[in-house]
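In: Build me a model:
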Amino acid sequence: MGQRYLSEKPLVVAEQLRGQPLASPSRRAVAFGIDMGLLVLPSLVVALGAALAGLWVSQPKALGALRTLIFGGRSVPPAAEHAALRELAPLLVRFDAEGLPPEVREAVRAGKLDRAADELAKRRLIFAMSFSDEFRPELAEGEVRFPVERLIPQALRGLALYGVAALYFGVLTRGRKQATLGKRVAGIRVVRLDGERLTLWESFERFVGYLHIPGTLFVGLADLWRDPNRRLAHDRVVHTAVLRDPRKVRARG
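Out: Now for the predicted structure:
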């Protein structure tokens, strides 16, 4: 690699961008909040899909049992229901399912899965997903709750959230609108200082820069007021700024 010399090129603002209004901290916060809200469901779907795929590889019979009991309803023959409960009993014990009677735990530990299935057949099995005890409804007598969220390992939840978010922010910020859906609602967009569109790599790099915010214990957010162009660390790393969408500004004007 040849010798490089300090240049003003990445620091110069394109003529067509000078004087355009910056996005306010409140607009950026609203946009980010909307984006995070939009990402919750697809991230959970990806994480759950990956967990089910892992279950299909490691315990295909348990996955088949889940499918039978969730989608079969009351039309499941007694023999098929017994077989499904037999396969599901060890998972219920491993996940410490709420409402699980001690007889089932003892039967599973003793390897008597048919007995465990018989005990489960006396209860009403509920499939539910909840990530907070605060919003988890109380069980009625004779109910056993299968904690669907425990199919998703903690690490996989974080990986899915980060991976889906990286794709979402990276592709949309690099796109023609230069904005995520949240930024479009808030009437703001991301621009490169030289007026060119971000490359896909730069867009992903900008997203990774978001880690700087919790990394500084959120002190880095002070740049929204301290920096004259309201550029945060992830803006500086790829030479971007967040501006008001000129079409929205003209419409309000």
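In: Spell out the residue ranges of the strands in this protein.
Out: Along the chain, counting by DSSP state E, strands occupy 124-128, 143-147, 188-192, 240-244.
In: closest one to Phe207 among the ones you listed?
Out: Among the strands of the chain, strand 188-192 comes nearest to Phe207, with 10.6 Å by C-beta to C-beta. The C-beta positions use only the backbone N, C-alpha and C, and glycine is treated the same way.
In: May I see the strands of the chain arranged in a markdown table, with mean neighbour count, mean pLDDT and distance to Trp201 as well?
Out: Putting the strands of the chain into a markdown table (neighbours: other C-beta atoms under 10 Å; pLDDT from 0 to 100; distance: least, C-beta to C-beta, whole Å) gives the following:
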| stretch | mean neighbour count | mean pLDDT | distance to Trp201 |
| --- | --- | --- | --- |
| strand 124-128 | 14 | 84 | 41 |
| strand 143-147 | 19 | 86 | 40 |
| strand 188-192 | 23 | 95 | 13 |
| strand 240-244 | 22 | 95 | 13 |
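In: looking at those, which is closest to Gly163?
Out: Per C-beta to C-beta, nearest to Gly163 of the strands of the chain: strand 188-192, 20.5 Å.
In: any residues touching the closest one, and which ones?
Out: Contacts with strand 188-192, where a contact means C-beta atoms under 8 Å, 6 or more residues apart in numbering, come from 17, 23, 27-28, 31, 173, 177-179, 183, 198, 202, 206, 238-245.
In: List the strands paired with that strand, with their directions.
Out: According to DSSP bridges, strand 188-192 forms sheet pairs with strand 240-244 (antiparallel).
In: And for the partner strand, what's in contact with it?
Out: 17, 20-23, 27-28, 183, 187-193, 198, 206, 229-231, 235.
In: mind running it again at 6 Å?
Out: With C-beta atoms under 6 Å, 6 or more residues apart in numbering as the test, strand 240-244 has contacts from 20-21, 23, 188, 190-192, 229, 231.
In: same check, this time on stretch 198-206
Out: 170, 173-174, 192, 234, 238.
In: try 8 Å this time
Out: 166, 169-171, 173-174, 178, 190, 192, 234-235, 237-238, 240.
In: Make a ChimeraX selection of the buried ones in these.
Out: Here is the ChimeraX selection string for the buried members of these, based on 16 or more other C-beta atoms under 10 Å:
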select :169,170,173,174,178,190,192,234,235,238,240
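In: Just put the contacts of stretch 198-206 in CSV and tack on distance to Ala89.
Out: As requested, these are arranged in CSV below (distance: C-beta to C-beta, whole Å):
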residue, distance to Ala89
Ala166, 39
Phe169, 42
Gly170, 43
Val171, 43
Thr173, 48
Arg174, 49
Gln178, 53
Val190, 52
Arg192, 57
His234, 48
Asp235, 54
Val237, 52
Val238, 53
Thr240, 54
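In: which ones among the contacts of stretch 198-206 are found in helices?
Out: 166, 169-171, 173-174, 234-235 (DSSP state H).
In: and these, which two are the farthest apart?
Out: Within the ones in helices among the contacts of stretch 198-206, Val171 and Asp235 form the most distant pair, 18.4 Å apart (C-beta to C-beta).
In: Could you tell me which residues make contact with Ser43?
Out: 157, 160-161, 164-165.
In: in stretch 189-206, what counts as buried?
Out: By neighbour count on 16+ other C-beta under 10 Å, the buried set for stretch 189-206 is 189-193, 198, 202-204, 206.
In: hang on, the earlier thing: and of the ones in helices among the contacts of stretch 198-206, the nearest to Leu6?
Out: So of the ones in helices among the contacts of stretch 198-206, ranked by how close each gets to Leu6 (C-beta to C-beta), first place is Asp235, at 20.4 Å.
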